[in-house]
Structure formats: structure tokens, C-alpha cells
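Novice: Have a look at this prediction, sequence included:
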Amino acid sequence: MFVDGKVVMIVGAGPGLGATLARRCAEDGADLVLAARTASTLERIADDTRGAGGRVVAVPTDVSDREQVRSLVEQAVAEYGRIDVLVNAAFPPAPGGPVVEMDDDAMDAWRRSIDAGGYGTLLTCRFVAPHMIDAGSGSIVNVTSMTSRMAHGGRSDYAAGKAAMHRLGWALADELGPLGIRVNVICPVASGSEALDRWVVRDPERLAAYVANTPLRRVGDPVDDVGEGVVFLCGPQSRYVTGTTLMLDGGRSYLR
């Protein structure tokens, strides 16, 4: 059991990958702190997670708001006394599109993506890390994307926000490693993500092309493929792993 008995905070535990990771950690025996922006959705996910076992604290949080993130961490420590693992998966949906065609609304959405991906991840790490430092150990996993390494036209918002999470993870691995804290990055591609389901999974023609261009010839599973990778990086079995990028993409990143 990778995270049995650990306190795991998942920021961005909304529908999709965040909720799936929460359930996977609960099944492994973790106590959880779940954070997402929408209170009603978060509580529904928390109830589902409680059904998998373990304690769950749900705290509605806008990760780009410093005081809300500070309060989130304070509530987690008050409830459990510590935070062993931090998973940063928060990223708001954005419309994308060519930069030269963006109107004011699209540019505002672009900025929100950067705020959540870059600044939001900085905030959670800033307020969680001191508690890990006091404990002399901890694991942080930033959930990014292939797009943070290989950007695509029309998704500059997604690429820039995920790249910020990616590079911040690498920098913190170097900064926090001497203090006993490991920081790693995953780049997952799996069903259940809003973007992949919308643009690939629900379109038979695109899905067939996607599978044909994936070395393992299938779409990733959010639990058996991505979830297993995350809990591995969170647990003691990866105690000598930090500063790495784990590509959970069926080999697609090696095609470009």
C-alpha cells in the first residue's frame, strides 16, 4: 500500500482526474484533504471518496487566492496534524484558440489558467512545504501535461499554465530535496480528462487515429494507469525519486 496511513491533500479534486486520484488514494488507505472551487461538486466527490474508505475533509478553495489557500492548509493541519503528500491538479477549463483572435473574455480566461496553474501551485507549495520541512519528509506531485513539453497551436493558455507547474516542480525538487521533500511531475493522458474526452474519446474517427498513433495502442485508464503512477510517486517505494517527469501517456511523447 503506497499511501496507507498518509495524509494526502489533492488540490483540484473536481470531476475528472482529480476525483479519480482521490478515490484511488482512499482505496489505498490514505486520509484525504480535497480542495476544488465549487462547493457542491466538491462535497459530492468527497462523499464518493468516503465510500472508498478513510477520512475526508473537503474545503472549497480558489487556488489563485492566497488567503483561501492559507486557510485550506490551516484546516488540514488542524484536522490531521500534518500533510504528508500534496498533489497539485487544479487547472480551470479555458476556451483556447489562436492568440491573434482572442477577445477580452478569452484573454481573461487565459490569465485565470496561468493564475491557477502557476501561481496557484506556488501558493499550495508555499504553505504546505513548511509543515513537511518540520516533519523532515514529504512528497509533492504536480499534475501537468504533454503540452507542457510539446505545445500545440491554439492552446497557449493550457501550455503556459502547465509549463509553469512543470518548471516549478523541477525547481522545488532541487530546493526542497536537502530538507527531505521530494517533488515530481507527471504528464498523464487518460480518459476522464475534460479535454481528451471532448476532443478524442467521444469522436470515433479521432479516437481511432489517436490509438493508432499511441505505441501501446490504447487510451490510458485514469485509475489503473495514472492513479497507480501517482500513488507510486507519493509513497516510500519512490523514496529515491525526485525531480523526475513521469510520462503516463502510452509512449505518445516519444513520437515527436
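Specialist: That came through fine. Numbering: from 1, shown residues only.
Novice: Only C-alpha atoms from now on, for both contacts and neighbour counts.
Specialist: Fine.
Novice: So which residues of the protein form strands?
Specialist: 7-11, 31-36, 56-60, 85-88, 138-143, 181-188, 245-248 (DSSP state E).
Novice: I figured Ala36 was touching Pro15, is that so?
Specialist: No: contact criterion Cα atoms under 8 Å: Ala36 and Pro15 do not qualify, at 9.5 Å.
Novice: the more surrounded of the two?
Specialist: Using other Cα atoms under 10 Å, the more surrounded residue of Ala36 and Pro15 is Ala36, with 26 against 16.
Novice: does that one have beta-bridge partners, and which?
Specialist: Pro60 (DSSP bridges).
Novice: measure it to Gln68 for me?
Specialist: Using Cα to Cα, to the nearest Å, we find Ala36 at a distance of 11 Å from Gln68.
Novice: Give me the common contacts of the two.
Specialist: Thr61, Asp62 (Cα atoms under 8 Å, 6 or more residues apart in numbering).
Novice: quick one on the thing from earlier: quick one: common contacting residues for Ala36 and Pro15?
Specialist: By Cα under 8 Å, 6+ apart, no residue touches both Ala36 and Pro15.
Novice: low-confidence ranges in this structure?
Specialist: 1, 93-95, 146-155, 190-201, 203, 254-256 (pLDDT under 70).
Novice: What lies in contact with the lengthiest helix in the chain?
Specialist: Scanning the chain for the longest helix, with DSSP state H as the assignment, gives helix 156-176. Counting contacts by Cα under 8 Å, 6+ apart, the residues outside helix 156-176 that touch it are 94, 96-97, 99, 110-111, 113-118, 121-122, 141-145, 147-149, 151-152, 181-185, 242-244.
Novice: got it, and stretch 231-242?
Specialist: Contacts for stretch 231-242 (Cα under 8 Å, 6+ apart): Phe2, Val3, Cys25, Val85, Ser139, Ile140, Val141, Ala173, Gly177, Arg182, Val183, Asn184.
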